[in-house]
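>>> my questions are about this predicted structure, shown below with the sequence.
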Amino acid sequence: SIIDNLEALEEKEELEKEAKEDKDFKKNNKIQYGLIKSSNKDVIYGRDFDDEAMKIIDLNAADCGNDVVILGEVFSIDYREIRNEKTIVTLSIYDHTDSINVKIFLRNDLLEEFKSHFKEGIGIKVKGLLEYDRYSEEIDISRIYGIMKIALSNEGRMDNAIEKRVELHCHTKFSEMDAV
């Protein structure tokens with residue numbers, strides 16, 4: 001019984017020593033993570049998620065501070081370098097009801113990998129925190145949990161009216177020329 005207690009104590013001390021070495025290793029080497037933290041092939045940033053998407057037009061200021069999931073087409077990508085070797089990436093997304101910006105703070109060493117996954121015109125599903133951005137003074141999605149690539153449906157607007165109509169617009173020298 002005493003021998004068993006000594007063996008258990010030695011085993012416990014060895015496990016604690018290994019845990020301390022592992023913690024010191026992580027602290028000293030600061031293990032770097034890439035863009036993707038999932039084995040799902042559709043995930044192109046962050047983690048996998050299964051939440052149901054909502055329409056962008058349904059988002060409002062009351063939802064600020066909550067996680068939201070949207071899907072849509074990326075129609076613009078903006079890169080703005082900031083201090084500390086980081087870049088703010090702003091993805092503008094449209095879902096045929098409204099548009100919204102998704103902001104990602106990205107280390108510069110991951111920028112090329114990010115650019116290889118994200119192009120204008122791709123369909124994505126995003127999960128992140130809906131917040132009011134004091135810089136742009138708009139509601140946007142930040143603190144991104146994950147982004148998945150999706151197939152877009154090419155469902156365009158169809159004119160199903162029996163009697164078609166045409167809108168004409170003309171200008172005179174007294175008009176404001178607002179359509180030119």
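Received the coordinates, thanks.
>>> ignoring the adjacent residues along the chain, who's closest to N40?
Spatial nearest neighbour of N40, excluding adjacent residues (C-beta to C-beta, 6 or more residues apart in numbering): D48 at 4.4 Å. The C-beta positions use only the backbone N, C-alpha and C, and glycine is treated the same way.
>>> to clarify, my last question referred to Y145.
Spatial nearest neighbour of Y145, excluding adjacent residues (C-beta to C-beta, 6+ apart): K127 at 4.4 Å.
>>> just say helix, strand or coil for the one you found.
Assigned by DSSP: H, G, I helix; E, B strand; the rest coil, the conformation of K127 is strand.
>>> contacting residues around it?
Applying C-beta atoms under 8 Å, 6 or more residues apart in numbering to K127 gives the contacts G46, F49, D51, D67, V68, V69, I144, Y145, G146, I147.
>>> which strand residues bridge it?
K127 has these beta-bridge partners by DSSP bridges: V69, G146.
>>> what's the pLDDT at it?
Here, the pLDDT recorded for K127 equals 93.
>>> can you name every helix or strand that the helix or strand T87 falls within contacts?
T87 belongs to strand 86-94 when assigned by DSSP states H and E. With contacts defined as 3 or more C-beta pairs under 8 Å, 6 or more residues apart in numbering; DSSP states H and E, strand 86-94 has these neighbours: strand 67-82, strand 99-107, strand 123-133.
>>> residue ranges with poor pLDDT in the chain?
Filtered on pLDDT under 70, the chain yields the residue ranges 1, 19-34, 154-157, 175-180.
>>> cutoff 80 now
Within the chain, the stretches with pLDDT under 80 are 1-9, 12, 15-39, 61-63, 152-159, 167, 169-180.
>>> for my notes, confirm H171 occurs in a strand.
No: going by three-state DSSP, the assignment for H171 is coil, not a strand.
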